[in-house]
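Student: This is the structure alone, sequence omitted:
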């Protein structure tokens, strides 16, 4: 990060917006490489993006959820793949700073020039076997976004063979050098440059202080190790209420990028017609309507997510200031808003892709790329809102939530 006075949120957003042209220019190379370049990584580091949520105690900026979302939207508007990789790599500083012990934080956040963590719930043949002082860990994790530059891998892992109750799932923190990245990313329809490779861990010892129970991240009281250490309600929240916003911010950036590209592509272009009328697309009612809808949907999605960021921070603040629980209902209502924002982004991108004509659907066209990037999240099995919407009702009615 640049030396001198720490930048505020507005300055971080300005820096992100200033990188848009470079990110657009590198989109093709980012997809081909499967992750953003060393040059881009260094630019993100210098701008302070990896430090957004890290505590000041460890040289971080300790900013808020809304600022994080704003920066990730701005980066994703230049390149959704780069935004996804940055968002998921940088966000887990909040995770570690909230729920891991002081000793673990000193090691992970204090002894690294830059903490970047890939994290994954998608474990395969994974098991944490208890031994003196910790666990022996082996397994494979898929979709570890951010891993090409990661200092750590955070993996959800069963603590017993066979079917493992959610209550017994662990999260282990494994430093670079003790995990191996597979060269297996890029065959998804979109987000091909998001660095979402698989990670393999082979019989590694993980000490107890770098292990938490998965449900430690869902403490409704706000009395987390992070709040005790940093005295900031940023570290007193429930991670699931924040985490989906990391992904939705990228969808918003992709939808806004599609709006930008569609506008660029129709200015000065005539509408195709049998009689060669030459009517400019910008003056045609159908193109105007589709563009207006897409712009309204992407604007609304951003407004929703930024409001969610404010609500998340307020819920976390009230757990401390008012002894008011960060309840399941609050978490799931945040989730519902985030997924609604994601649907608006899909509607915007799908509409523009449809009306963008065959020329916009060709390989190498940016409109096609943005549509593919939106498809990659649209097909995410864990975040089908109509499948998960019943969780909101269950939480509201005080019933066990069926999500995991």
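Tutor: All right, it came through fine. These figures come from a predicted structure and were not determined experimentally.
Student: In this structure, spot the helix with the most residues.
Tutor: helix 285-321 (DSSP state H).
Student: how about that one: buried residues?
Tutor: If you call a residue buried by 16 or more other Cβ atoms under 10 Å, then helix 285-321 has these buried ones: 287, 290-291, 294-295, 297-302, 304-306, 308-309, 311-313, 315-320. Bear in mind the C-beta positions are built from the backbone N, C-alpha and C, glycine included.
Student: Report the distance from that helix to the chain centre.
Tutor: 16 Å (Cα atoms, centre = their mean, to the nearest Å).
Student: Quick one: list the elements packing against it.
Tutor: helix 65-78, helix 239-266, helix 328-355 (3 or more Cβ pairs under 8 Å, 6 or more residues apart in numbering; DSSP states H and E).
Student: quick check: mean pLDDT across the shortest one?
Tutor: What it means is helix 65-78. Mean pLDDT, computed over helix 65-78, is 98.
Student: what's the following helix or strand after it?
Tutor: helix 80-99 (DSSP states H and E).
Student: Can you say which of the helices and strands packed on helix 285-321 is nearest to residue 147?
Tutor: Judged by Cβ to Cβ, the one of the helices and strands packed on helix 285-321 that comes nearest to residue 147 is helix 239-266, at 15.2 Å.
Student: got the angle between the closest one and helix 285-321?
Tutor: 160 degrees (axes from the mean of the first three to the mean of the last three Cα atoms, to 10 degrees).
Student: picking that back up, let me see the mean pLDDT of the longest helix of the chain.
Tutor: 97.
Student: rewinding a little: now the helices and strands packed on helix 285-321 in a markdown table, with distance to residue 197?
Tutor: Converted to a markdown table, the helices and strands packed on helix 285-321 look like this (distance: least, Cβ to Cβ, whole Å):
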| stretch | distance to residue 197 |
| --- | --- |
| helix 65-78 | 20 |
| helix 239-266 | 17 |
| helix 328-355 | 24 |
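Student: could the ones you listed go into CSV alongside distance to residue 34 and mean neighbour count?
Tutor: Shown next, in CSV, are those (distance: least, Cβ to Cβ, whole Å; neighbours: other Cβ atoms under 10 Å):
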stretch, distance to residue 34, mean neighbour count
helix 65-78, 17, 26
helix 239-266, 16, 25
helix 328-355, 22, 22
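Student: Those: which one's closest to residue 92?
Tutor: Nearest of the helices and strands packed on helix 285-321 (Cβ to Cβ): helix 239-266, 9.1 Å.
Student: tell me what that closest one is packed against?
Tutor: Partner elements for helix 239-266 (3+ Cβ pairs under 8 Å, 6+ apart): helix 65-78, helix 80-99, helix 285-321, helix 328-355, helix 357-360, helix 366-378.
Student: For it, give the mean pLDDT please.
Tutor: 97.
Student: and what of stretch 187-197?
Tutor: 97.
Student: And that stretch, what's buried?
Tutor: 190-197.
Student: ok, now stretch 203-218?
Tutor: 204, 206, 209-212, 214, 216-218.
Student: what's the first-to-last distance across it?
Tutor: End-to-end distance of stretch 203-218 (Cα to Cα, to the nearest Å): 29 Å.
Student: Equivalent analysis for stretch 205-212, please.
Tutor: 15 Å.
Student: so where's this protein shaky on pLDDT?
Tutor: 1-4, 273-277, 403-404 (pLDDT under 70).
Student: before we move on, back to that, just the buried residues of stretch 203-218 now: which is nearest residue 382?
Tutor: Of those, the one sitting nearest to residue 382 (Cβ to Cβ) turns out to be residue 214, at 14.4 Å.
Student: Next, the contact list for the closest one, please.
Tutor: By Cβ atoms under 8 Å, 6 or more residues apart in numbering, the contact list for residue 214 reads 156, 166, 169-171.
Student: out of those, who has the most neighbours?
Tutor: residue 171 (23 neighbours; other Cβ atoms under 10 Å).
Student: helices and strands around the helix or strand hosting that one, which ones?
Tutor: In the assignment (DSSP H and E), residue 171 maps to strand 170-175. Under the contact definition 3+ Cβ pairs under 8 Å, 6+ apart, strand 170-175 sits against helix 102-108, strand 134-142, strand 152-157, strand 199-207, strand 211-213.
Student: from the contacts of residue 214, which two are the most distant?
Tutor: Greatest spatial distance in the contacts of residue 214: 166 and 171, 12.0 Å, computed using Cβ to Cβ.
Student: hmm, back to that, and the helices and strands packed on strand 170-175, which is most packed in?
Tutor: strand 152-157 (a mean of 24; mean count of other Cβ atoms under 10 Å).
Student: contacts for stretch 287-296?
Tutor: Residues contacting stretch 287-296 (Cβ under 8 Å, 6+ apart): 255, 258-259, 262-263, 266, 271, 281-282, 347-349, 351-352, 354-355.
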